[in-house]
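1. Need coordinates for the following:
(chains A, B, C and D)
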Protein chains: 2
Amino acid sequence: MSNALTTEIKGDLDAIVEAFLYLYTESRRLTKEIAARHGLTGPQLTVVKMLEALGELPLSRLSEKIRAQNSTVTGIVDRMEREGLVTRVRSAADRRVVHIQLTAKGASLARGVQVEPMDIFRDALSTLSAEEARSLLRVLRKVARRVESKVEEAAEAEAKRGTES
Amino acid sequence: MSNALTTEIKGDLDAIVEAFLYLYTESRRLTKEIAARHGLTGPQLTVVKMLEALGELPLSRLSEKIRAQNSTVTGIVDRMEREGLVTRVRSAADRRVVHIQLTAKGASLARGVQVEPMDIFRDALSTLSAEEARSLLRVLRKVARRVESKVEEAAEAEAKRGTES
DNA sequence: GGCTAAAATTTTCTACACGAAACATTCACC
DNA sequence: GGTGAATGTTTCGTGTAGAAAATTTTAGCC
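-> As a prediction, this is how the structure comes out:
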């Protein structure tokens, strides 16, 4: 476990983690900067663009899309509603559900912002060849599967601790 | 720009972005969960591990290390001090400087937590073959370079706008 | 049909994290 | 001794999540 080869691989892994973190934080920073240019926060821009692309959405659907909890999105929508960017509409079909929809003001703002969130990242990715993209996707999926199984292991360990007590 | 091939590549790119976000959010969530098991928050675990590895640090040094603003770290250290995990010590040499150091309680806690932040991600990466790791690193670096140049372009455009006004 | 229990959806409440800007203190330099 | 930079804190608005509460729907049962 401590010969030259494994040391080299370990260095590669650290470099991958570093590159990964760099890409993530930088993409977030850029999104935020673009949003600020239009008087929005990062998450607000994400929401505006999501609604522009998909039309009105139940709050919980929106939460899933932006990978946040309902309680988080409630706050974001509160502030956007205060600014007149979106409105809440009770669903007639299922009155538990609240649809979030863009106002005219929100929609026009959405049209005005050219760059979608993550577009810089996507744009950088588009410089990859088809082979490179495919290979990257394959490797990321492999890593994702591995993380996923880790998550399941942890959940099982958790459940086991539960039965013991 | 709308034939079958480019459409397919576009789908790959979306999938890459999605996998990327999944990996990041999941790694953060797991770190947070491990921290919670020891009565800490995610950032607090990061700080504890950092201080264990490097010894006492000025607050601004700590801020750099964990990629956060001084104002953010002030709050984190406040809460950790309240819990008796760290102490603030004014530097005798430069009285502007506040050294953050682990207490006995903080140090013993640090020893008790095996997993460092991002270890889950690193662990998942370690299932890659040497070739895969090298290829992933190469592609990520290519993307990172591309993002970097985008950032510089934006900075120049910003500067130009500045001189015009 | 009407009642009750369970499930689904959203909001409220509480605590922490985060950054920008304004501020006080201290240092370094002239 | 005055000026400007460095260091840390405070304040304010936002984002983030989890737990509990509120509201409505759904299913099962008589």
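2. contacting residues around stretch A:50-60?
-> Applying Cβ atoms under 8 Å, 6 or more residues apart in numbering or on different chains, the contact partners of stretch A:50-60 are A:62, A:65-66, A:70, A:73-74, A:77, A:86, A:89, A:91, A:97-102, A:106-107, A:110-111. Bear in mind the C-beta positions are built from the backbone N, C-alpha and C, glycine included.
3. Tell me how chain A divides into domains.
-> Here the domain parsing of chain A from automatic domain parsing is A:4-127, A:128-165.
4. Save those domains as CSV, and put in mean pLDDT and mean neighbour count too.
-> Shown next, in CSV, are these (pLDDT from 0 to 100; neighbours: other Cβ atoms under 10 Å in any protein chain shown):
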stretch, mean pLDDT, mean neighbour count
domain A:4-127, 87, 16
domain A:128-165, 70, 14
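5. So for residue B:48, which of the ones you listed sits nearest?
-> Nearest of the domains of chain A to residue B:48, taken as Cβ to Cβ: domain A:4-127 at 19.3 Å.
6. can you tell if that closest one touches DNA strand D?
-> Yes: if you take Cβ under 7 Å from any atom of the strand as the test, domain A:4-127 does meet DNA strand D, through A:41-44, A:67-69, A:71-72, A:75-76, A:79, A:94-96.
7. Among those, which are located in helices?
-> Within the residues of domain A:4-127 next to DNA strand D, residues falling in helices by DSSP state H are A:42, A:43, A:44, A:71, A:72, A:75, A:76, A:79.
8. Which two among those are spaced furthest apart?
-> Largest pairwise distance in those, by Cβ to Cβ, is 18.1 Å, between A:42 and A:71.
9. What strand or helix carries residue A:101?
-> Element membership for residue A:101, per DSSP states H and E: strand A:98-102.
10. Give me the sheet partners of that strand and which way each runs.
-> Strand A:98-102 has the following strand partners under DSSP bridges: strand A:57-58 (antiparallel), strand A:86-90 (antiparallel).
11. what does that strand rub up against?
-> A:47-48, A:51-52, A:55-59, A:62, A:77, A:85-91, A:110.
12. Can you add distance to DNA strand C and give the domains of chain A back as JSON lines?
-> Converted to JSON lines, the domains of chain A look like this (distance: least, Cβ to the nearest atom of the strand, whole Å):
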{"stretch": "domain A:4-127", "distance to DNA strand C": "3"}
{"stretch": "domain A:128-165", "distance to DNA strand C": "18"}
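13. Any chance of the ones you listed in TSV with distance to residue B:36 as columns?
-> Output for those, formatted as TSV (distance: least, Cβ to Cβ, whole Å):
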stretch	distance to residue B:36
domain A:4-127	16
domain A:128-165	11
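14. how about those, which one is nearest residue B:149?
-> domain A:4-127 (8.8 Å).
15. Work out the gap between the closest one and the centre of the chain.
-> Relative to the chain's own centre, domain A:4-127 is displaced by 6 Å; criterion: Cα atoms, centre = their mean, to the nearest Å.
16. if I read this right, residue A:72 contacts residue A:62, doesn't it?
-> No: counting by Cβ atoms under 8 Å, residue A:72 sits too far from residue A:62 to count as a contact (10.4 Å).
17. With just CA atoms, put stretch A:35-54 into PDB.
-> C-alpha atoms of stretch A:35-54 as PDB (Å, rounded to 0.1, in the frame of the first residue of the first chain):
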ATOM      1  CA  ALA A  35     -27.700  36.600 -11.000                       C
ATOM      2  CA  ALA A  36     -26.500  39.700  -9.100                       C
ATOM      3  CA  ARG A  37     -26.200  41.500 -12.500                       C
ATOM      4  CA  HIS A  38     -30.000  41.200 -12.700                       C
ATOM      5  CA  GLY A  39     -30.900  41.800  -9.100                       C
ATOM      6  CA  LEU A  40     -31.300  38.200  -8.200                       C
ATOM      7  CA  THR A  41     -29.500  35.700  -5.900                       C
ATOM      8  CA  GLY A  42     -28.100  32.500  -7.200                       C
ATOM      9  CA  PRO A  43     -30.900  30.200  -6.200                       C
ATOM     10  CA  GLN A  44     -33.500  32.700  -7.400                       C
ATOM     11  CA  LEU A  45     -31.900  32.700 -10.900                       C
ATOM     12  CA  THR A  46     -32.000  28.900 -10.800                       C
ATOM     13  CA  VAL A  47     -35.700  29.000 -10.000                       C
ATOM     14  CA  VAL A  48     -36.600  31.600 -12.600                       C
ATOM     15  CA  LYS A  49     -34.800  29.600 -15.300                       C
ATOM     16  CA  MET A  50     -36.400  26.300 -14.100                       C
ATOM     17  CA  LEU A  51     -39.900  27.800 -14.300                       C
ATOM     18  CA  GLU A  52     -39.200  29.400 -17.700                       C
ATOM     19  CA  ALA A  53     -38.100  26.000 -19.000                       C
ATOM     20  CA  LEU A  54     -40.800  23.800 -17.400                       C
END
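18. residues contacting the residue nearest the centre of chain A?
-> In chain A, the residue lying closest to the centroid (Cα atoms, centre = their mean) is residue A:66, at 4.8 Å. Counting by Cβ under 8 Å, 6+ apart, residue A:66 makes contact with A:43, A:46, A:47, A:50, A:73.
19. any idea how far it is from residue A:97?
-> Between residue A:66 and residue A:97 the computed distance is 18 Å (Cβ to Cβ, to the nearest Å).
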